[in-house]
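A.B. asks: please find the sequence and the predicted model below.
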Amino acid sequence: MAPNDRRATIIRLLVAAVVLIGGYVGLAAWSAQHLPSTVSVGGIPIGGLTEAEAKQAIETKSKPLLATPIALSVPGIEDPVEIIPGEAGFSVHAERTLDGLTGFTLNPVTVWNRLVGSVKAPLLTHVDDEVLTQTLTKLAPSVETKPTEGSVTFPDGKVEVTAPVAGRTLDIAGTKLALRKAFPHATTATATVSPIEPQVTGEAVAAAARDFGEKAMSGPITVVAGTSKGKIDPEDYAPAVKMVPDGKGALEPKFDTKKLTAVVSSKVKVSTKKAKDASWTFEGGRPRIIPSVDGTAVDESAIADGVITAMTSDDRRVELKVVTTKPKFTTEDAKKAGVKELVVDFQSPFPPEDTTRTQNLIVASRTINGTYIAPGETFSLNGILGERTTAKGYRDGTVIINGRLTRGTGGGISQVSTVIYNMAYFAGVQILEFTPHAFFIPRYPEGREATVFWPSVDNKWKNDTPHGMLLQTWVDGGYVHGRVWSTKTWDIKSIKGERRNVKEPETIKDDSPTCYPQQPQPGFDVTVTRQWYRPGSSTLVKSEAVNTHYIPEHEIICTDPNAKP
């Protein structure tokens, strides 16, 4: 062949090759933009579609998968829990699913498969771990069960053992993995749970029952106190015993010592005597000490300890000691109290013709008589007398309410209150609370008197001297008498000022059957000054002015013939 012919042949071959290669490249390019006719991903057919069309098809047809619940079985729970994948953070990743199914390639095998082959690929998914964690965290409380602690109890003195049972909690990490494996191929999954162990193991519970419980409840305990002897059975003391975790994996006994003491006291009778405080009586008008008396009692602090020891001892016996008890205020305390001289002597006159009122004065004075106020203690008249009732011997007497006289149980004891106030006043102590009468009553000192009413109006003062104070009160000869026995701390002077702002009373006629007549008295203001001097000294230490306002006592004329005079 001539050289020119060879050259022409080569050129034709090259041209043919170029045409073939160009066609192949074009075919490869076309296949890169289209999917095989029979391709599917996760069961979703996308054959012959462009990449954009296939992506849209995957996103549309995977929505039912995201809405189809996964039945999550939880060990220990009968019914499965539904997890909606789309709500739990799961999604379908269309772009990753299409990776390798489209795209330019000159690999003839790939190009051939794209043209005539059948392709099945998995549907690739994604999960938002934070959302899935939140979903399972909300589920966890409904899955969790607390462990049942083992116990040793003693119903009716018998030993009863309850074995511990472990609880469970949701293993969130393991359950997330189970759901990831299930979606999108399965609609069921099994959750992972972790056990929660009780504080005390079954072996430790059994050991507590064996080592303590059986011994403690094995039989009665004998209690001996002097010549007295008694027996307490397990059913008697069992309610005071319980087993509790010791924090170290075991059970230990815990005792109600008050209940144990009460059980012993109910079963064993011991002759005891209550201690008596020292006090005073008055003989020949002067105080005499009544000595204190020691008492006897069972040493209660040792009762519970003795019973506890006996529960696990061989002889099951408790020896109780009878001890001497001392009074709170002994004879020696009384001797040191400083009650040695008359400090205050005050008396207040009253109309003896009102016998019911006189009865109230007698009852109140007897109640107060002999009251001792230690240094630093506070005297309260309401605290001493309490509510005035007929059961205590009080009768109806006159009381002042809203500026008018009326009747009330215990009426008239403001006379006693006034005596008490003046006793405190001239003893020089700190007066904490007092209330003058609404209007002036002539038999009382102006500005130096005090009413009392249960429970709202009290007469209170504090013994701020270094010595104890003994009160002596009685009714005799138309007077309420009051004395303070102590050691003299102050000389007290009282200076009364002139009346001010005097206001005359009015005359009021009252036709009600409950009317109580009143005699007219003017209203006024007055100032009384208390001055403190050391005994025998003329040097003023301190003074205190007290202002009192009295309203007028109007003249009340009762016009109803049935009104009480």
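C.D. replies: All right, it came through fine. Quick caveat: nothing in here was measured; it's all calculated off a predicted structure.

A.B. asks: average pLDDT across the host helix or strand of Ala54?
C.D. replies: According to DSSP states H and E, Ala54 maps onto helix 51-61. Helix 51-61 shows a mean pLDDT of 76 in the predicted model.

A.B. asks: and stretch 550-564, by the same measure?
C.D. replies: When pLDDT is averaged over stretch 550-564, the result is 83.

A.B. asks: coming back round to it: would you mark the buried spots in the helix holding Ala54?
C.D. replies: Of the residues in helix 51-61, 51, 54-55, 57-58, 61 count as buried by neighbour count, 16 or more other C-beta atoms under 10 Å. Any C-beta I mention is one placed from the backbone N, CA and C, and that applies to glycine too.

A.B. asks: now the residues you listed in CSV, with distance to Glu353?
C.D. replies: Below are the buried residues of helix 51-61 laid out as CSV (distance: C-beta to C-beta, whole Å):
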residue, distance to Glu353
Glu51, 124
Ala54, 122
Lys55, 118
Ala57, 118
Ile58, 116
Lys61, 114
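
A.B. asks: can you tell me which of those lies closest to Glu235?
C.D. replies: Proximity of those to Glu235 (C-beta to C-beta) peaks at Lys61, which lies at 74.9 Å.

A.B. asks: from Pro122, how far off is that closest one?
C.D. replies: 15 Å (C-beta to C-beta, to the nearest Å).

A.B. asks: check Pro45 too.
C.D. replies: 15 Å.

A.B. asks: more crowded one of these two?
C.D. replies: Counted by other C-beta atoms under 10 Å, Pro45 and Pro122 do not tie: Pro45 has more neighbours, with 15 against 11.

A.B. asks: for the more buried one, list each beta-bridge partner.
C.D. replies: Following DSSP bridges, Pro45 is listed with bridge partners Ser40.

A.B. asks: where along the stretch 201-350 of the chain do the strands fall?
C.D. replies: Ranges of strands in the stretch 201-350 of the chain, per DSSP state E, counting those that start in this stretch, are 221-225, 228-232, 241-245, 251-255, 279-283, 286-290, 295-298, 317-320, 322-325, 341-349.

A.B. asks: same list, these, but as CSV with mean neighbour count and distance to Val484 please.
C.D. replies: CSV is the format used below for the strands of the stretch 201-350 of the chain (neighbours: other C-beta atoms under 10 Å; distance: least, C-beta to C-beta, whole Å):
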stretch, mean neighbour count, distance to Val484
strand 221-225, 20, 46
strand 228-232, 16, 48
strand 241-245, 19, 55
strand 251-255, 16, 51
strand 279-283, 14, 13
strand 286-290, 15, 11
strand 295-298, 16, 31
strand 317-320, 18, 46
strand 322-325, 13, 32
strand 341-349, 17, 4
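
A.B. asks: Gly89 is nearest to which of those strands?
C.D. replies: strand 241-245 (40.7 Å).

A.B. asks: for the closest residue to Thr309 other than its chain neighbours, give me the pLDDT.
C.D. replies: Spatial nearest neighbour of Thr309, chain neighbours left out: Val318 (7.7 Å); criterion: C-beta to C-beta, 6 or more residues apart in numbering. On pLDDT, Val318 comes in at 88.

A.B. asks: so what's Val318 up against?
C.D. replies: Applying C-beta atoms under 8 Å, 6 or more residues apart in numbering to Val318 gives the contacts 221-224, 264, 303, 306-307, 309-310.

A.B. asks: and the gap between it and Lys269?
C.D. replies: The gap separating Val318 from Lys269 is 15 Å, by C-beta to C-beta.

A.B. asks: how long is stretch 372-379 end to end?
C.D. replies: 9 Å (C-alpha to C-alpha, to the nearest Å).

A.B. asks: list of residues touching that stretch?
C.D. replies: 279-280, 337, 339, 371, 420, 424, 432, 460-471.

A.B. asks: which of those fall in strands?
C.D. replies: 279-280, 432, 460-462, 469-471 (DSSP state E).

A.B. asks: could you export the strands of the stretch 201-350 of the chain as TSV, including distance to Pro522?
C.D. replies: Listed next are those as TSV, based on distance: least, C-beta to C-beta, whole Å:
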stretch	distance to Pro522
strand 221-225	73
strand 228-232	74
strand 241-245	75
strand 251-255	73
strand 279-283	41
strand 286-290	42
strand 295-298	59
strand 317-320	73
strand 322-325	60
strand 341-349	21
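
A.B. asks: between the ones you listed, which gets nearest to Phe183?
C.D. replies: Of the strands of the stretch 201-350 of the chain, nearest to Phe183 by C-beta to C-beta is strand 241-245, at 43.6 Å.

A.B. asks: against which helices or strands is that closest one packed?
C.D. replies: strand 151-153, strand 251-255 (3 or more C-beta pairs under 8 Å, 6 or more residues apart in numbering; DSSP states H and E).

A.B. asks: nearest to Ala297, of those strands?
C.D. replies: strand 251-255 (21.3 Å).

A.B. asks: same question for the closest one, mean pLDDT?
C.D. replies: 92.

A.B. asks: any idea how far it is from the chain center?
C.D. replies: Counting by C-alpha atoms, centre = their mean, to the nearest Å, strand 251-255 is centred 25 Å from the centre of its parent chain.

A.B. asks: residue boundaries of the strands in the stretch 351-500 of the chain?
C.D. replies: Using DSSP E, counting those that start in this stretch, strands in the stretch 351-500 of the chain cover 372-373, 378-380, 396-401, 404-409, 430-433, 460-462, 469-476, 479-486, 491-496, 500-503.

A.B. asks: picking up where we left off before, out of the helices and strands packed on strand 241-245, nearest to Pro184?
C.D. replies: Judging these by C-beta to C-beta, what sits closest to Pro184 is strand 151-153, at 48.8 Å.

A.B. asks: buried residues in that closest one?
C.D. replies: By neighbour count on 16+ other C-beta under 10 Å, the buried set for strand 151-153 is 151-152.

A.B. asks: in its sheet, what does it sit against?
C.D. replies: Applying DSSP bridges, strand 151-153 is found paired with strand 160-162 (antiparallel).

A.B. asks: now the strand it pairs with: mean pLDDT?
C.D. replies: Mean predicted lDDT for strand 160-162 stands at 93.

A.B. asks: helix or strand right after it?
C.D. replies: Next along from strand 160-162, by DSSP H and E: strand 167-170.

A.B. asks: elements contacting that next one?
C.D. replies: Short answer (3+ C-beta pairs under 8 Å, 6+ apart): strand 167-170 packs on helix 129-143, strand 193-196.

A.B. asks: mean neighbour count added to those, as CSV?
C.D. replies: Formatted as CSV, the helices and strands packed on strand 167-170 follow (neighbours: other C-beta atoms under 10 Å):
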stretch, mean neighbour count
helix 129-143, 15
strand 193-196, 14
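
A.B. asks: can you list the ones you listed in a markdown table and add distance to Asn547 and mean pLDDT?
C.D. replies: Shown next, in a markdown table, are the helices and strands packed on strand 167-170 (distance: least, C-beta to C-beta, whole Å; pLDDT from 0 to 100):
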| stretch | distance to Asn547 | mean pLDDT |
| --- | --- | --- |
| helix 129-143 | 70 | 90 |
| strand 193-196 | 74 | 90 |
